[in-house]
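Novice: The sequence isn't on hand, but the structure is:
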């Protein structure tokens with residue numbers, strides 16, 4: 001969509017203005033939005049700012065005096081540097097900053113265990129493992145409800161999947 005004012009550049013800013021129950025919407029490019037006097041243009045923030053904001057929400061995890069003492073032994077990054085730039089220095093930083101990162105990751109992602117999609121070619125074994133876990137839970141319920149025929153069917157299914165997993 002082109003800017004509604006200059007009709008030259010792509011519209012990247014959307015304004016909605018409501019005055020006396022009259023709604024006006026404008027789609028403007030950044031340059032025209034800056035020139036418009038009655039609107040305040042907000043500067044977009046980076047993902048680093050967002051992560052730093054999540055870190056600041058949980059002040060109880062580490063006292064400020066001790067944050068600088070946390071340091072990754074592999075890359076040398078300390079926790080204060082991480083808070084400032086919003087990126088870890090290496091894969092080992094996850095291990096050294098685990099206590100501080102775990103609440104943030106839980107808050108952002110809703111948990112600390114990956115439950116996302118798995119690529120078809122690369123994740124055959126993982127998909128089978130997940131299916132086995134689900135079947136074992138169903139087997140336990142079948143045993144508890146004394147549905148032994150269903151339990152036997154589930155047991156056989158689990159064995160077959162475990163055999164397939166062993167062949168991978």
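Specialist: Here it is on my side, so go on. Note that the structure is a prediction, hence the values are computed from the model and not measured. Numbering: from 1, shown residues only.
Novice: Any figure for the gap between residue 144 and residue 103?
Specialist: Separation of residue 144 from residue 103 (C-beta to C-beta, to the nearest Å) stands at 35 Å. Just so you know, the C-beta spots here come from the backbone N, C-alpha and C atoms, and that holds for glycine as well.
Novice: If you count surrounding residues, which of the two has more?
Specialist: Counted by other C-beta atoms under 10 Å, residue 144 and residue 103 do not tie: residue 103 has more neighbours, with 16 against 9.
Novice: Could you measure from that one over to residue 109?
Specialist: Relative to residue 109, and taking C-beta to C-beta, residue 103 is found at 11 Å.
Novice: List the contacts of residue 148.
Specialist: If a contact means C-beta atoms under 8 Å, 6 or more residues apart in numbering, then residue 148 has residue 142 as its contacts.
Novice: now it: how far from residue 119?
Specialist: Distance, residue 148 to residue 119, using C-beta to C-beta: 38 Å.
Novice: Kindly report the same for residue 27.
Specialist: For residue 27, the distance to residue 119 (C-beta to C-beta) stands at 38 Å.
Novice: which of the two has more neighbours?
Specialist: residue 27 (17 against 9).
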